[in-house]
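Undergrad: sequence first, then the predicted structure, then my questions.
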Amino acid sequence: MSATSGLWGKAAKGALAGCCALAMLVTMGACGTTDANDKPAANTKGADLSQVKKDAKIAAMLPESVSKDGKFTVGVSPDFAPAEFLDTDGKTPIGYDMDFGKAISKVFGLKFEPVSAVFDSIMPSIGSKFDVGLSGFTVDPSRKDAGEFVSFLKEGSSYTVKKGNPKNVKVDDLCGHSVAVQSGVSQEQTVKKANQQCVAQGKKPIDIQSMKQQTSVTTAVATGKADAFCADTPIAGYAVKENGDALQLIGKSFDETTEAVVVPKGDMQTAKAVQAALQKLMDDGTYTKILKAWGNQTSAMSQARIETFDEGKQE
């Protein structure tokens, strides 16, 4: 999700992958995958990753604490299509973030083990419950003490309204409107700042509707419960595509930032291994294949980098 300032703000994201996604997301529990993950899950358009093989040199970069159990355990909040959402079986996380997780795991020679969790509970559990977090986490200085960030995608934020914009919502003047947003994501802070400006100017406040799941946020606007929602641009765009008769984007994408894989704070060994794996995927074409499979080529970067949060310095 696009970052502004919230500590747990997400490479904000989330959208409805059609009506079926709503039902699938009602029950969200820990889940893993099998060797069949080399190819896309049934009834999805994920990338075929059967060509991705273990790179012994990169695999050797991982600390034993990560590799010893043979699994690469990834914390994910699967309610942000097309980045991560549940497949038609109602339990398997899929999407471009999950394809990246699978591909990184294959480079490491480990089994990809996604574990579903509420978004704002993931980052505090990285290093204990999860090896890494891969769920649209954006890079923001306010999070610099929460983990090490290996960025690999560009992201922005966008507002979405009901088709035809019946409430005449304007992105530069949200005062008096109701705006839905997922709790814990960076866009929540974006909307809160906009509300502070409304109050300071003596205008009507924004009715901020914070919700646990992005699917609920999307539905709130589609059904008229909220006038607009704010989310990552790829997520908002996918929501409009899947619900074209109900939603539309307004304004331009803003607050561009980068999405990252988050590893435990101070664990530079894992951070460098993840960076090397991502760079390999970028260089051999797998990275582009994944983004094309999910229609998100505009988010591409040419280099994976470890963020230092010092201006002008990146590894």
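TA: Alright, I've got the coordinates. From a predicted model like this one, the values you see are computed outputs, not experimental measurements.
Undergrad: neighbours of S302, just the number please.
TA: Residues near S302, counting by other CB atoms under 10 Å, number 8. Glycine gets a C-beta too; all of them are placed from N, C-alpha and C.
Undergrad: check the secondary structure at the residue lying farthest from the centre of the chain for me.
TA: Going by CA atoms, centre = their mean, the residue of the chain most distant from its centre is G202, 35.1 Å out. Following DSSP: H, G, I helix; E, B strand; the rest coil, G202 is assigned to coil.
Undergrad: pLDDT score assigned to it?
TA: What the model reports as pLDDT for G202 is 97.
Undergrad: where exactly do the strands run in this structure?
TA: 71-76, 79-80, 84-86, 93-94, 111-116, 132-138, 148-162, 178-182, 207-211, 228-232, 247-263, 300-310, 313-314 (DSSP state E).
Undergrad: distance to N195 and mean pLDDT added to those strands, as a markdown table?
TA: Converted to a markdown table, the strands of the chain look like this (distance: least, CB to CB, whole Å; pLDDT from 0 to 100):
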| stretch | distance to N195 | mean pLDDT |
| --- | --- | --- |
| strand 71-76 | 30 | 98 |
| strand 79-80 | 24 | 86 |
| strand 84-86 | 29 | 93 |
| strand 93-94 | 33 | 96 |
| strand 111-116 | 31 | 97 |
| strand 132-138 | 21 | 94 |
| strand 148-162 | 14 | 95 |
| strand 178-182 | 8 | 97 |
| strand 207-211 | 6 | 97 |
| strand 228-232 | 12 | 95 |
| strand 247-263 | 16 | 94 |
| strand 300-310 | 27 | 91 |
| strand 313-314 | 33 | 51 |
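Undergrad: export these as a markdown table, with columns for distance to V221.
TA: Converted to a markdown table, the strands of the chain look like this (distance: least, CB to CB, whole Å):
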| stretch | distance to V221 |
| --- | --- |
| strand 71-76 | 24 |
| strand 79-80 | 15 |
| strand 84-86 | 18 |
| strand 93-94 | 24 |
| strand 111-116 | 24 |
| strand 132-138 | 19 |
| strand 148-162 | 6 |
| strand 178-182 | 6 |
| strand 207-211 | 10 |
| strand 228-232 | 5 |
| strand 247-263 | 6 |
| strand 300-310 | 28 |
| strand 313-314 | 36 |
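Undergrad: out of those, deepest packed?
TA: Stretch with highest mean neighbour count among those: strand 79-80 (a mean of 34; mean count of other CB atoms under 10 Å).
Undergrad: list the neighbouring strands of that strand plus their orientation.
TA: In the sheet containing strand 79-80, its partner strands are strand 84-86 (antiparallel), by DSSP bridges.
Undergrad: mind listing what the nearest residue in space to I208 that is not next to it in sequence touches?
TA: Nearest in space to I208, with sequence neighbours left out and distances taken as CB to CB, 6 or more residues apart in numbering, is V191 at 5.5 Å. Residues in contact with V191 (CB atoms under 8 Å, 6 or more residues apart in numbering) are 174, 179, 181, 206, 208, 230.
Undergrad: gap between the last one and Q201?
TA: When you say that, I think you mean C230. To Q201, C230 is 20 Å away according to CB to CB, to the nearest Å.
Undergrad: P141 versus the residue farthest from the centre of the chain, what's the distance?
TA: Separation of G202 from P141 (CB to CB) stands at 31 Å.
Undergrad: just V52 next, same as before
TA: Distance check for V52 against P141: by CB to CB, it reads 33 Å.
Undergrad: who has more neighbours out of the two?
TA: Between V52 and P141, V52 has the larger neighbour count (other CB under 10 Å), namely 21 against 12.
Undergrad: and that one, what pLDDT?
TA: For V52, the predicted pLDDT is 98.
Undergrad: kindly list the main-chain dihedrals of it?
TA: phi -80, psi 120 (degrees, to the nearest 10).
Undergrad: count of neighbours near G90?
TA: There are 16 residues near G90, going by other CB under 10 Å.
Undergrad: which residues touch the closest residue to G156 other than its chain neighbours?
TA: Once flanking residues are discounted, G156 sits nearest to S253: 3.6 Å by CB to CB, 6+ apart. Counting by CB under 8 Å, 6+ apart, S253 makes contact with 156-158, 233.
Undergrad: how near is S253 to K111?
TA: 36 Å.
Undergrad: same thing with A81?
TA: 24 Å.
Undergrad: just T219 next, same as before
TA: 34 Å.
Undergrad: one more: S178?
TA: 44 Å.
Undergrad: go on, G251?
TA: Noted for G251: a distance of 42 Å to K111, by CB to CB.
Undergrad: again, but for A59
TA: A59 sits 13 Å away from K111, going by CB to CB.
Undergrad: for G95, same thing?
TA: Distance, G95 to K111, using CB to CB: 19 Å.
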